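Chemist: Here's a sequence, model it:
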Amino acid sequence: MKSLTELWFQASMDMGALCDVCTVRDFKTVTDRVEHEGMSFLTISLTDFCKDFEKSLSQGFVGHDAFLGFRRMRGLPRFLGGFLDRVFSRDDGRLLTVPDVDSIFAVRQLTLMFGKIELECSPARQARAIDRYVECEQEVRLSDRNMDFDTLLRFKSMSLRLFGDVLAAADLAVYNGTLTPKHGPGATADRRTGNRKFDQVEWTERLERIFPYGDNAMPNWRFSYLLDSAIFLEPGEERPVRVILVPKSLKTPRIIAIEPTCMQYMQQAVMEQLVTSLEADPLVGRLIGFTEQEPNQLLAQSSSRDGGLATIDLSEASDRVSNQHVRALLHHFPHLAEAVDATRSRKADVPGYGVLRLAKYASMGSALCFPFEAMVFLTIILMGIEEQHNRRLSKREIKSLAGRVRVYGDDLIIPTDSMQTVISTLEAFGLKVNTDKSFGIGKFRESCGREFYDGHDVSIVRCRHEFPASRSDVDGVVSAVSLRNRLYESGLWKAAFWMDSWIERLLGGRYPYVSPESPVLGRVSFLGYEVERVSHDTHQPQVKGYVVRSLPRTSYVTGEGALLKWFLKRGDEPFADRDHLSRSGRPDAVSMKLRWARSA
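Modeler: Modelled structure (predicted):
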């Protein structure tokens with residue numbers, strides 16, 4: 001914690017030099033409150049400070065209920081007051097006519113730097129997150145029961161206009177049996193990892209009806225003897241998803257659901273068909289995205305200048321998309337609907353609650369969660385725009401919304417004049433808008449991890465991990481070097497140079513200047529990189545430093561599984577790893593080795 005506090009001090013000196021502000025008293029406030037409140041001040045209290053700051057930017061004044069827990073002097077807090085005086089008037093708390101963008105960046109950097117550090121929450125906060133997961137499930141059921149029939153009819157009509165061609169193609173692919181499954185790299189509920197996934201013996205009767213085991217889990221029908229060892233589970237016997245908590249911030253953990261191997265396997269097949277078709281579709285291809293965040297970020301930047309677009313963020317987005325929403329979306333496509341239902345896990349094993357039946361379509365962890373939530377959100381957005389104009393949108397008008405409407409996961413961009421109607425429509429479907437991260441007035445916008453004010457990028461550098469105690473904590477060392485380089489590239493020189501001295505001691509002096517493309521753990525500099533020798537083989541400039549090594553875990557596969565793996569491979573290129581049949585999956589651990597490697 002002392003190192004994090006010192007890093008905050010160095011960053012405050014950088015920000016003070018940038019904005020000509022003294023930060024000595026601010027640092028005293030930080031040290032005093034960290035001493036009494038601990039890490040929660042850096043990770044929670046400062047984050048709440050920034051929420052009020054961004055809300056004040058949006059509404060154009062500092063409200064009386066803002067910045068609770070921080071002493072005020074007239075209309076503004078004393079803490080970070082030098083920066084706030086360059087953004088708001090201390091007399092009445094109103095936004096200045098020309099607020100200082102550098103000071104806006106400074107306040108955000110100093111309050112959000114540790115907001116998403118990946119620390120394990122207290123048991124009480126973890127239990128509260130699980131309780132909230134179950135409460136959300138109950139709210140989804142209630143929303144399903146209260147759904148108006150006419151609203152659902154409009155949803156079906158709009159989704160058919162938007163995605164009719166895409167869903168028809170996917171429906172035909174399911175009917176013809178041309179979908180190709182694949183395994184993901186992550187964990188599974190039945191704890192199969194790496195190559196063991198290709199020798200799966202567990203299948204469900206629901207999958208068998210639409211995706212036969214023999215066509216998808218065996219190399220071909222010459223290996224029909226594999227059916228003798230296959231286990232086909234009836235609906236009541238199916239393995240539930242395993243709900244787990246992973247670190248997100250000290251305030252709350254992230255909840256994900258780990259799918260069974262067979263479900264994840266076939267979800268990938270449907271997902272690949274849908275995502276490829278959606279992004280290539282002439283009607284909705286520019287309204288929805290799955291692989292490129294930049295279009296959302298550029299729209300957020302331009303709208304921060306002209307105010308024409310609003311950015312909306314949804315809370316518990318994945319967990320609030322009901323299975324009924326997806327069923328309505330697929331109402332006219334029976335083969336695809338059956339395939340999507342067959343690949344959906346109906347139950348979840350929730351810590352402290354046991355196995356529960358799910359009303360939501362899927363939690364984060366399903367391969368189909370992301371595409372279906374995006375399709376549902378886009379449908380509801382356009383329903384809201386139709387309601388605002390009080391008429392049906394033609395396909396030409398929908399297509400003309402490109403550049404004004406875009407959905408990437410739960411990051412939504414819509415016209416500002418449609419914001420209230422769209423929010424009301426989203427809430428009518430049981431979705432929850434995060435008002436703290438949704439912006440439609442003022443000049444602040446946020447989307448896909450980038451933030452802008454009046455066209456200026458005010459995105460910050462975040463510290464994601466605690467500092468490592470020794471060189472043996474390889475993940476911590478890699479994170480620390482990455483943080484140093486991001487601080488340097490963002491102009492936080494004092495913070496970067498302070499980290500240099502700390503990392504150099506940690507690495508025993510082997511901490512060279514390298515280019516961003518170098519595999520060596522080193523410092524990036526605008527002045528160039530070091531060259532200690534030239535490789536005799538490749539003639540590349542080299543330095544001696546620590547290089548991270550990660551070896552996939554030992555994972556053997558049978559001959560039948562190896563053949564299936566070859567048949568499922570995408571593209572004509574051979575496997576990159578020659579040992580892929582004996583090692584596969586995510587590595588158990590990473591290590592560092594001191595060796596010669598290219599510096600550029």
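Chemist: quick check: domain ranges of this protein?
Modeler: With domains defined by automatic domain parsing, the chain comprises 2-115, 125-453, 510-598.
Chemist: out of the ones you listed, nearest to E466?
Modeler: domain 2-115 (7.5 Å; Cβ to Cβ). (Each C-beta comes from the backbone N, C-alpha and C, glycine too.)
Chemist: how about the helices in the stretch 451-600 of the chain?
Modeler: Assigned by DSSP state H, counting those that start in this stretch, the helices in the stretch 451-600 of the chain fall at 474-489, 493-506, 559-568.
Chemist: Ok, the stretch 251-400 of the chain next?
Modeler: Remark: helices assigned in the stretch 251-400 of the chain by DSSP H, counting those that start in this stretch are 261-280, 294-306, 323-329, 334-342, 369-389, 395-400.
Chemist: rewinding a little: redo the domains of the chain as CSV? Include distance to Y488 and mean pLDDT.
Modeler: Below are the domains of the chain laid out as CSV (distance: least, Cβ to Cβ, whole Å; pLDDT from 0 to 100):
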stretch, distance to Y488, mean pLDDT
domain 2-115, 11, 94
domain 125-453, 19, 95
domain 510-598, 6, 90
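Chemist: Between those domains, which one is closest to V481.
Modeler: V481 sits nearest to domain 510-598 of all the domains of the chain, at 5.0 Å, using Cβ to Cβ.
Chemist: now the end-to-end length of that closest one.
Modeler: End-to-end distance for domain 510-598, by Cα to Cα, to the nearest Å: 14 Å.
Chemist: Now do it: distance to the chain's middle.
Modeler: From the chain centre to the centre of domain 510-598 is a distance of 25 Å (Cα atoms, centre = their mean, to the nearest Å).
Chemist: Ok, stretch 298-310 next?
Modeler: Per Cα atoms, centre = their mean, the centroid offset for stretch 298-310 relative to its chain is 22 Å.
Chemist: With stretch 61-79 instead?
Modeler: Relative to its chain's centre, stretch 61-79 lies at 32 Å (Cα atoms, centre = their mean).
Chemist: just stretch 343-358 next, same as before
Modeler: Relative to the chain's own centre, stretch 343-358 is displaced by 23 Å; criterion: Cα atoms, centre = their mean.
Chemist: what comes up buried for that stretch?
Modeler: 343-350, 356, 358 (16 or more other Cβ atoms under 10 Å).
Chemist: of all the residues you listed, which two lie farthest apart?
Modeler: T343 and V350 (20.7 Å).
Chemist: Return the residues in contact with V270.
Modeler: For V270, the contact set (Cβ atoms under 8 Å, 6 or more residues apart in numbering) comprises 170, 174, 179, 336, 339-340, 343, 367-368.
Chemist: What is the nearest of the residues you listed to D579?
Modeler: Top of the list for closeness to D579, among the contacts of V270 and by Cβ to Cβ, is A367 at 26.6 Å.
Chemist: pretty sure the closest one contacts Y265?
Modeler: No - using Cβ atoms under 8 Å, A367 is not in contact with Y265, being 9.1 Å away.
Chemist: the more surrounded of those two?
Modeler: Ranked by neighbour count (other Cβ atoms under 10 Å), A367 and Y265 place Y265 first, with 27 against 23.
Chemist: Now do the same contact list for that one.
Modeler: Per Cβ under 8 Å, 6+ apart, neighbours of Y265: 181-183, 197, 200, 216-217.
Chemist: helices or strands up against the lengthiest helix in the chain?
Modeler: Using DSSP state H to define each element, the chain has its longest helix at helix 149-176. For helix 149-176, the elements it packs on are helix 261-280, helix 323-329, helix 334-342, helix 369-389, helix 395-400, judged by 3 or more Cβ pairs under 8 Å, 6 or more residues apart in numbering; DSSP states H and E.
Chemist: Give the burial count for I44, as a bare number.
Modeler: I44 has 17 neighbours, counted by other Cβ under 10 Å.
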